[in-house]
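# I'd like to go over a predicted model; first the sequence, then the structure.
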Amino acid sequence: MGNTFNSDGDGLYLSNGGTAAFVDVLMLAVTDLVEEPWDYRFAALLSLQDQNVMGRGAVGFDLKDIDWGASPEEQARNKDFVLRVTDLALNGHRWDEMDYYPPFAADHLRRFRAMVAAYPLAYRDGGSPMAFPGHAEAAMASCARHRVLSALPHWEGCVFCIAR
């Protein structure tokens, strides 16, 4: 059993362990790059991929379900943000703070980055409200211990706290 991250028929299928590492390294990166309200919504989407909360094999998302923005400028900016987050994670940003080394994360990140880069942005009526967190669900809280954004107060802690 595993999880799939899709883009117009192209999918990144990850084992449960691969998904956990993928989410961990992206959470470390997204936390250090967030600036705009949309960024916090994307961070919330990543926090919803925590299998310790959502269930093993029960996570994943499709790029078409993301609310990329209302204008071509917003869409381009938000896509660039996801690419910058992925690039920062690819550079091993803060991986030394994890209690394990994710041997396959770089390959998963490269494949995800290619999917996002190739994804054609077009107005899609705001994405799926069930799949992409709204402004009220944005990940605005930060775990003081691990210094990453979390879905507090909805979860009891960040992806690293809950994994223990």
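In hand now; what should we look at?
# what's the weakest-modelled helix or strand in this structure?
One helix or strand of the chain scores below all others by mean pLDDT, DSSP states H and E: helix 51-54, with a mean of 60.
# helix or strand right after it?
Of the helices and strands lying after helix 51-54 in sequence (DSSP states H and E), the nearest is helix 72-90.
# Report the angle between the following helix or strand past that next one and helix 72-90.
Next helix or strand after helix 72-90 toward the C-terminus (DSSP H and E): helix 105-118. Relative orientation of helix 105-118 versus helix 72-90 (axes from the mean of the first three to the mean of the last three Cα atoms, to 10 degrees): 170 degrees.
# for helix 105-118, packing partners?
Here helix 105-118 touches strand 2-7, strand 10-15, helix 16-33, helix 72-90, going by 3 or more Cβ pairs under 8 Å, 6 or more residues apart in numbering; DSSP states H and E. Every C-beta, even on glycine, is put in place using the N, C-alpha and C of the backbone.
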